[in-house]
Every structure is written in structure tokens, then in C-alpha cells.
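K.L.:
Dropping a prediction and its sequence here:
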Amino acid sequence: MARKPSVRLLPRKGALPILLDRAPVPVAIIVGFGLILLGALIVTRPLTSIVLLGIYVGCSAVVSGLAELLGRRGERAWWPRLVASAWLLAGAIILLFLERSLQLLPPAMALLLVLGGLASLGDALSPASVSQRVLTLAWGVSQIVFGILALAWPDVTVLVVAVVFGIRTVLYGGSLAARAIRAEGAQGTASPEANAPLAASTDRLHQSSFWMAAGRYALTAVLLAVCAAGWALNSWLAEGAPVADAFYDPPATVPAEHGRLIRADEFAGQSPPDADVMRILYTTRDAFGAPAVASALVIAPREDQAGARPVVAWNHGTTGVARGCAPSLRDASATHWAIPALNDAVARGWVVVATDYSGQGAPGVFPYLIGAGEARSSLDAVLASRELEGLALRPETVAWGHSQGGHAALWMAQLAERYAPEIDFRGTAALAPVTAPLELAQELSVRDADPLLSVLVSWVLVPYADTYPEIDLRNYVAPGSRTIVREMTQRCPSEPGVMVSVLTSLGVSEDRPLYVGDLTAGPLGERLAQNAVTGPFTTPVLVAWGDADEVIPPRLQQRFVDRLCEQGDRVRWAVYGGYDHLRPLLPGSRFLPLLVNWTESQLLGRDAPTDDCARYGAGSP
């Protein structure tokens, strides 16, 4: 009885080995050295190698499918031909939609690693020497472990896959060239066939030996050690990542109006002296006015006081753009290290309302440097705080903000009168604020690219792309890099995992920039310009910055103040020698007494200087 041909779901070899097995020896030597050069190139250029990997996989699938179809001619079985046709189709899809298929590379590689690991575990049960079976078992376990890790760190997976592909290409090219050279030598001395196929000269069995067994055991130990180290590192990084608990998940039904309290709970972190801290979840509106949910901290003096209390609305600076980056998730967010002059505010009987903005803590798109979204989150936090039991708030409110929060605070002043008329908005204090996102982007674009700048750009670009439909990441991010850029937005600067973003950016910066084109042009540039702070302001503004600010060039701050003076706004400003971006808000800052006294004057309606334009003239610090 004739034996039926076996059915294989995958080709025996990749496309290149199929073609080279029958190639003449000189051709194999040339191809081998070519692969060595190609592999060395793409190991040092990981983004390029990702694209090459996609092309290689697509071409390999097409050639392998053709080889299967041609090799099955004369067979009646339909299943192998169907599988081969599927390979042809898959290869064509990969090549036609290369950019989209590259985004699926990390999960696809993770799945292949797990499946390969399971197959290796099965191979470990087959008859073989003990050392071979032990190594096969360790190899199977390591593939499964790294498959799981690949799902947790997709941006790293992209780079690892690219580099591994390059190394694999170098090794395969070296092996091919070495076998071809040995075959050439054998043909010159003993072989009667001068141009025999390379496959005929490489059918040799490796003999087991003591040293080979020892090598297998050593490699097994290395594999297991690497797995253990990778798993431990993953656990450490994961434990350091803040996670939003169930408090931040909105119920199925929330009030239709903005500025309504959904729930409140005690804050588990540190509290300032003689104050109670609550965290709240409330309704708000996003940049386009659509319903959203946000969270905030409400810090109220513990001492009883007759009557209601005035409000300071604190707008925090950049903490990242992911849900877990919400300040209310951090232990020290209600201390004078996080909120300037907080203890002085509490001592004066002010209630401090500190929004996380929508998209941090609560689900949603974080409005990073998107003025209307930021301002509405902060104004609605003040409105929702009025519904807290046992807390009476006066309508008088002053906004404070640092950096991104300065941008939000200034936008509060622009929107308060028409968005939240119930609030008696008295003024804005902006510390080292972002006032013109487009101008800042233009300044940053002329700096030398570095990993931290790449991460910062991702924090602006991704929220803008998620908010504005006309902004397409493909127009600004290098092919094959969208996974890397999006993963950068999932980590906070306060967690250990941000090192992964920095190292990933550092790894690709030696290849080519993550970002392509002009980030200040097109739809992105138009939206950045749209989110500039322009005024006019009907209430006083206080602006402070350091002349050593390493994030926002001081000349941008002076340019902003000059514009306010030219349009007749009441603005005070203060410049502090030697202060960097953070120093104006930290304890001991020379600015804090001015901040407290100025705020007290606005809340109590006392006469105090509010217009340095009239006193000094525009352009004078």
C-alpha cells in the first residue's frame, strides 16, 4: 500500500533556503557575504530593519507559497494547495499594506514565540540525548516567557525583533558562506562535480560528544537565567506603574450637566497640616464640548470657620498623559512640594481644588496643551466641589498653574465667564506657563534630538491626534514606529517604566528620527496655534518664570507679557535669576510670598498693584 504524502501547514524552510539549497557554490558565497553586510547594517538601524523585516516576511510568504504549489504538482490533495494559496495571499497583503502590518508585528511575534515554545516543549518528549532534551525544554520555556513579556512591552519587542532579525541574517549569511567555501575546497580536491548544489555538500550529521553535551547544559543555564532576569525586571517595572482603581471608573449613568459630583472618597496619601483631603469624580466637557468625566483632589482646612471659603484652583504641570499619571494617584500630590504655597493657602482658610484633567485617573483622552479641555476640567472641578457634604465654598476663585497647568489656568480665565458664570473668577497666577504651543514646538524643533525630547513630543502628538481627526500620526511618525510612539504615552515620568521609553528612543535615535516631516506644519501646526493663550483678560494676570528655564525659553514668556501689555490687559510679572523650570513653585522660592499676597488681594478685593505694564512699560522685567 502506497504511503500517503504528509500534510504540512507550514513550509519546511524559508524562501531563501529553498532557493539557495540548489544554488551553485559561487552564488552561495556571494549571497552569504551579502547577507552578512545586510545583517550588520540593519542591526545598527533598527527602524530600517523593521521595514526590511516586513518586506522579507511578505516576500518569503509569496515565494514559499509558490514553492509549495510547484512542489505539489501531480498531487490530488487539496488541503496543501489551499494552505500554499493562503501563504501567497498573506504575503501579498503584507507587501501591499506594509505600514499597517508593521503595527501588528509585536503581538504577532509574541504569538509566534508562545506557539514556538509550546512546539519545543513537545519536541522535548521526542527520543534524543538527555542534554538535547533539556536544552529543548529550556528553549521552549524561554520562548513562552519572552512571548508573554513581548505583549507587555510592545515597543521593546519591535526593536528586539528588528535586532534579532539582523543578527539572524548575519549568522545565516556566515553559515552559508562558510559551508560554500568548504564545499568549494572539497570540490577542488575530491569532488568530481565542480558546480554541485550546495545542499549536496552540507548533508552531514553532528556527532554528540562530552563537550557538546556540556555546551548544551551551559546554554540551558544561560537561557533560564535570562528568563528569570527578564521576568524579575518586568515585575519591578510593573509594580512601579500607578494604576487607577475602581474609584475612577464612572458608573453607567452620570448626571447630564457638567460640573456635577459623581462620587467622593478620602484621599489615602499625605495631607498638609490641619487639612483634610478628598478625591472626587465629576462630570465635565472635553475640547469639543462632549460629555466627559474627570477627577480631582479637594484640600480643605480642618479648622472650623463661619461662612464659606474662597477657592484656589490648582492646575498641575506635565505628569505624562496616561490614566495612571493622575496626580491624585500619587502619595505626595497634596503637599507643598507638589502645590506651591499650599500650607499658606490652608492657613488662610482657602480651599484648594486640584484637577487631574479628564483622561487622567478617569478614562478618556487627555487634553494635553488643549486649552478648552484643560480649562473645562478645572472649572468643573470647582463646581463639583460645591456638592461635597460639610463644605461651603464662596464663588470667589483664583486659578494657579505651572507649565502645562499655567496654560490651563490662563485658558480658565478665557472661558470662565461664559462656561461657568456661577464662578466669580478673580485672577490667574501662571508659573513658567506654556502660552504658545506652536512657538514652543518651533523652539524645540531646532534643538538637537534627544530621548527625553522624543518622549515629550509623543505626549503632545498622540493626544492631539486622538482629539483632532484631521491629525494623522502616519504623517508625523516614521514607518514602523507608531507602536513605539504610542507606548511612550503609556508611561509616566514618575514610574520606573519610563526608562524603557527613554532607552527605546535612544536605541532608535542612532538609526533615524522617530518623527518625520515638520511637526509645526499642516493640521498639527494649525491646532497648536489654535491653542495659544491670546486673551483678552478681564481679570488680573500674574506671570513668573526663571531666567534659567531649560524647558520654556524665557524670551517666550517675555514675548507673551508684551502681547498682554499691548492689548491693554492688567498683568504683573516676575523673573528670577538662576531659577530653572521647577524652582518657582518649590518650597523656599522667592516667588511664593508674592503669589500668596497677590492671591489674597484678589480674593478679598483689596487694592494692590496688578498692572506692571503701566508701572514699567512692556519689555521691562
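P.N.:
Happy to help now that I have it.
K.L.:
isn't residue 385 right next to residue 313, touching?
P.N.:
No: here residue 385 lies out of contact with residue 313, judged by Cβ atoms under 8 Å, at a distance of 9.4 Å. Every residue, glycine included, has its C-beta placed from N, CA and C.
K.L.:
Who has more neighbours out of these two?
P.N.:
residue 313 (29 against 25; other Cβ atoms under 10 Å).
K.L.:
my guess is the more buried one contacts residue 397, does it?
P.N.:
Yes: at 5.8 Å, residue 313 counts as touching residue 397 under the criterion of Cβ under 8 Å.
K.L.:
Spit out the residues that contact the two alike.
P.N.:
The contact sets of residue 313 and residue 397 overlap at residue 382 (Cβ atoms under 8 Å, 6 or more residues apart in numbering).
K.L.:
what's the overlap in contacts for residue 385 and residue 313?
P.N.:
In contact with both residue 385 and residue 313: residue 353, using Cβ under 8 Å, 6+ apart.
K.L.:
Now do the residue positioned nearest the centre of the chain against residue 69, distance only.
P.N.:
Geometric centre of the chain, nearest residue: residue 488, 1.7 Å, by Cα atoms, centre = their mean. According to Cβ to Cβ, to the nearest Å, residue 488 and residue 69 sit 43 Å apart.
K.L.:
What are the boundaries of the strands in the stretch 401-550 of the chain?
P.N.:
424-431, 541-546 (DSSP state E, counting those that start in this stretch).
K.L.:
name the element residue 265 belongs to?
P.N.:
Per DSSP states H and E, residue 265 falls inside strand 261-266.
K.L.:
what helices or strands is that strand leaning on?
P.N.:
strand 275-285, helix 371-385 (3 or more Cβ pairs under 8 Å, 6 or more residues apart in numbering; DSSP states H and E).
K.L.:
tell me the angle the last one makes with strand 424-431.
P.N.:
Here helix 371-385 points in a direction 130 degrees away from that of strand 424-431 (axes from the mean of the first three to the mean of the last three Cα atoms, to 10 degrees).
K.L.:
Next: the shortest one.
P.N.:
An angle of 100 degrees separates the directions of strand 275-285 and strand 424-431 when computed by the same axes, to 10 degrees.
K.L.:
starting at the chain centroid, how far to strand 275-285?
P.N.:
Computed by Cα atoms, centre = their mean, to the nearest Å, the chain-centroid distance of strand 275-285 equals 27 Å.
K.L.:
What separation is there between residue 522 and residue 370?
P.N.:
For residue 522, the distance to residue 370 - Cβ to Cβ - is 17 Å.
K.L.:
nearest spatial neighbour of residue 399, skipping sequence neighbours?
P.N.:
residue 409 (4.0 Å; Cβ to Cβ, 6 or more residues apart in numbering).
K.L.:
The one you found reaches residue 433, doesn't it?
P.N.:
Yes: the pair residue 409 and residue 433 qualifies as a contact (Cβ under 8 Å) at a distance of 7.3 Å.
K.L.:
what is in contact with these two at once?
P.N.:
residue 401.
K.L.:
chain center to the strand holding residue 265, what's the gap?
P.N.:
30 Å.
K.L.:
so what's the residue nearest to residue 399 up against?
P.N.:
Contacts of residue 409 (Cβ under 8 Å, 6+ apart): 313, 315, 378, 399-401, 428-430, 433.
K.L.:
What of residue 339?
P.N.:
299, 314, 316, 333, 345, 352, 354, 400, 585 are the contacts of residue 339 under Cβ under 8 Å, 6+ apart.
K.L.:
in the stretch 201-350 of the chain, what spans have low per-residue confidence?
P.N.:
Applying pLDDT under 70 to the stretch 201-350 of the chain flags residues 201-209, 238.
K.L.:
What segments of it are strands?
P.N.:
Under DSSP E, counting those that start in this stretch, the stretch 201-350 of the chain gives strands at 261-266, 275-285, 291-301, 309-315.
K.L.:
just the helices in the stretch 1-150 of the chain please.
P.N.:
With helices called from DSSP state H, counting those that start in this stretch, the stretch 1-150 of the chain shows them at 15-20, 25-43, 46-71, 79-96, 98-103, 105-123, 130-152.
K.L.:
Of those helices, which shows the lowest average pLDDT?
P.N.:
For the helices of the stretch 1-150 of the chain, the weakest mean pLDDT is recorded on helix 15-20, namely a mean of 56.
K.L.:
Residue 151 reaches residue 107, doesn't it?
P.N.:
Yes: between residue 151 and residue 107 there is a contact at 6.6 Å, judged by Cβ under 8 Å.
K.L.:
residues shared between the contacts of those two?
P.N.:
With Cβ under 8 Å, 6+ apart, residue 151 and residue 107 have no common neighbours.
K.L.:
sorry, back to before: who wins for proximity to residue 85 among the strands of the stretch 401-550 of the chain?
P.N.:
The closest of the strands of the stretch 401-550 of the chain to residue 85 is strand 424-431. By Cβ to Cβ, the value is 63.9 Å.
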